[in-house]
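K.L.:
Just the structure for this:
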Amino acid sequence: MKIRELKNEDIKDFKELFECSYIHETKFDILLDNKVAGYAERELKNLIKDRKLKILVASHKRKIVGFIIGLIEEKPYCYSIQNIGYIWDFFVLLDFRKRGIGQILFKNMMSWFKANGLKYVEIDVNYQNKDSISIWKKLGFKERRINMIKEI
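P.N.:
Alright, predicted model coming up:
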């Protein structure tokens, strides 16, 4: 298993995994659109160039089997800290779960956040995704907010 940054030549393979992640999340979030194929193609090359964003992938026999996307987010002036790490997306293929791949990806992303002087990291997790909530709590995350929505 190898952990490394996403490269331009990985885009085609990564796009499929990125789409799997979003399709999985559409089970939990009514606002997510499962038509992410166009977005992935258009945006991934630009995202790789963003110095405030890091995409790490786990590869096994040249196949990308997991990834984590983290970014440095600027908070409004009313916050006591100006920048915070944000885990935008995190996914490991089902066949490769429970092998420690997620923990390795997470630790590498935490190192990047620390190297950029960040002290806090946040993530949004759908309240229905109990497996994900359990994993994040084991990694030391605490519940902080509840985001609510109403159709009008």
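K.L.:
Sketch out the helices for the protein, chain order is fine.
P.N.:
Here the chain has its helices, by DSSP state H, at 11-25, 37-49, 101-115, 130-138.
K.L.:
In CSV: the ones you listed, plus mean pLDDT.
P.N.:
What follows is the helices of the chain, written out as CSV (pLDDT from 0 to 100):
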stretch, mean pLDDT
helix 11-25, 76
helix 37-49, 67
helix 101-115, 96
helix 130-138, 88
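K.L.:
To Lys63, which of these lies closest?
P.N.:
helix 11-25 (7.1 Å; CB to CB). Just so you know, the C-beta spots here come from the backbone N, C-alpha and C atoms, and that holds for glycine as well.
K.L.:
Centroid-nearest residue for the chain?
P.N.:
Nearest to the geometric centre of the chain sits Asp89, at 1.9 Å (CA atoms, centre = their mean).
K.L.:
and the closest residue to that residue other than its chain neighbours, what does it touch?
P.N.:
Distance criterion CB to CB, 6 or more residues apart in numbering; nearest residue to Asp89, sequence neighbours excluded, is Ile69 at 4.5 Å. Contacts for Ile69 were tallied using CB atoms under 8 Å, 6 or more residues apart in numbering; they are 47, 53-55, 87-90.
K.L.:
ok, now which residue in this protein is the farthest from the centroid?
P.N.:
Quick read of the chain (CA atoms, centre = their mean): farthest out is Ile152, 30.0 Å.
K.L.:
Which pLDDT value belongs to that one?
P.N.:
If you check Ile152, the pLDDT there is 91.
K.L.:
Show me the one of the helices of the chain that comes nearest Arg4.
P.N.:
Of all those, helix 101-115 comes closest under CB to CB, at 9.1 Å.
K.L.:
relative to helix 130-138, how tilted is that closest one?
P.N.:
50 degrees (axes from the mean of the first three to the mean of the last three CA atoms, to 10 degrees).
K.L.:
what packs against helix 101-115?
P.N.:
If contacts are counted by 3 or more CB pairs under 8 Å, 6 or more residues apart in numbering; DSSP states H and E, helix 101-115 sits against strand 2-5, strand 53-60, strand 63-74, strand 83-92.
K.L.:
thought Lys119 was touching Gln82?
P.N.:
No. The criterion here is CB atoms under 8 Å, and Lys119 misses it with Gln82 at 10.7 Å.
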